[in-house]
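Asker: Okay, sequence plus prediction incoming.
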Amino acid sequence: MKNKAYIDLSHTIENGLITYKGLPAPIICDYLSREESRKHYEKGTEFQIGKIEMVSNTGTYVDVPFHRYPDGKDLSETTIDKMAGLEGVIVHVDENNKEIDEELFYDLDIEGKAVLIHTGWDKHWNTDQYFENHPYLTEKAAKYLASKQVALVGIDSVNIDDTSRKVRPVHTILLGQEILIVEHLCNLNELLSKDFLFHAVSPKIKGFGTFPVRAFAEILN
């Protein structure tokens, strides 16, 4: 049986990481250290139990309808088939094209698929430049993707919307149609010219509309 090939599309979450300016970084530490655990077990047996304090918009994460709409489906109500085993389409954008319009998606077979937008912006991850003048989708692009009934839209940028403005039309349109969004992807360049299935599954949490995922591609060819 041939071994399956996977490409990790997620950033590493670590103590002090800033994912989005203005939101706090995660605090990662021991709840029970190995040293402390030795007091509870026989000699030679030890465990570590970690503790993390963070906002849900940390690292590479998925947005589901509840993130935008109070009556939208939250993470516990979002079914696995919305997040896993999705046929993927990679769309390359020139790094100088900050405003991604609908023309980019014309003539593509995208219905029911995970559309992943490769901008190369992940090269700025964990730097100040990552937050400034980043690529984003236009409202027209979001409307076009929604009209084509895509399953999910992902991007390797800080936000799928233009964060220089207070409005968020892309989130509003896509999540309003129950089209999931995955932001802060990475390594999308490794998917160019490949057939793949996309996976980005979150924990099943009630009352949350966003949470980190281990996003990855399962290579088919």
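Answerer: Perfect, I can see it now. Numbers count the residues shown, from 1 in each chain.
Asker: Any idea which residue is closest to the centre of the protein?
Answerer: residue 182 (3.0 Å; CA atoms, centre = their mean).
Asker: How many residues are close by the nearest residue to it once chain neighbours are set aside?
Answerer: Spatial nearest neighbour of residue 182, chain neighbours left out: residue 154 (3.8 Å); criterion: CB to CB, 6 or more residues apart in numbering. Using the backbone N, CA and C atoms, a C-beta is placed for each residue, glycine as well. Using other CB atoms under 10 Å, residue 154 has 27 neighbouring residues.
Asker: What of residue 125?
Answerer: By other CB under 10 Å, the residues close to residue 125 number 17.
Asker: Name the nearest residue to it, ignoring sequence neighbours.
Answerer: That would be residue 11: by CB to CB, 6+ apart, it lies 6.0 Å from residue 125.
Asker: how near is the residue nearest to the centre of the chain to residue 203?
Answerer: According to CB to CB, to the nearest Å, residue 182 stands 15 Å off from residue 203.
Asker: and the residue nearest to the centre of the chain, helix, strand or coil?
Answerer: Under DSSP: H, G, I helix; E, B strand; the rest coil, the three-state class of residue 182 is strand.
Asker: same check, this time on residue 39
Answerer: helix.
Asker: got the phi/psi numbers for the closest residue in space to residue 121 that isn't next to it in sequence?
Answerer: Closest residue to residue 121 apart from its sequence neighbours, by CB to CB, 6+ apart: residue 157 at 4.4 Å. Residue 157 adopts backbone torsions of phi -120, psi 170, taken as degrees, to the nearest 10.
Asker: try residue 145
Answerer: Per-residue torsions, residue 145: phi -60, psi -40 (degrees, to the nearest 10).
Asker: got a list of what the spatially closest residue to it that is not a sequence neighbour touches?
Answerer: Excluding the flanking residues, the one nearest residue 145 by CB to CB, 6+ apart is residue 153, at 5.9 Å. By CB atoms under 8 Å, 6 or more residues apart in numbering, residue 153 lies in contact with 114-117, 137, 145, 160, 174, 179-182.
Asker: Out of these, which comes closest to residue 131?
Answerer: residue 160 (14.3 Å; CB to CB).
Asker: Can I take it that the residue nearest to residue 182 is in a strand?
Answerer: Yes - assessed by three-state DSSP, residue 154 belongs to a strand.
Asker: just to revisit the earlier point, partner residues bridging the residue nearest to residue 145?
Answerer: Per DSSP bridges, residues listed as beta-bridge partners of residue 153: residue 115, residue 181.
Asker: Quick check, pLDDT for it.
Answerer: Confidence at residue 153, expressed as pLDDT, is 98.
Asker: Run a quick neighbour tally on residue 30.
Answerer: Neighbour count of residue 30, defined by other CB under 10 Å: 13.
Asker: No further questions, thank you.
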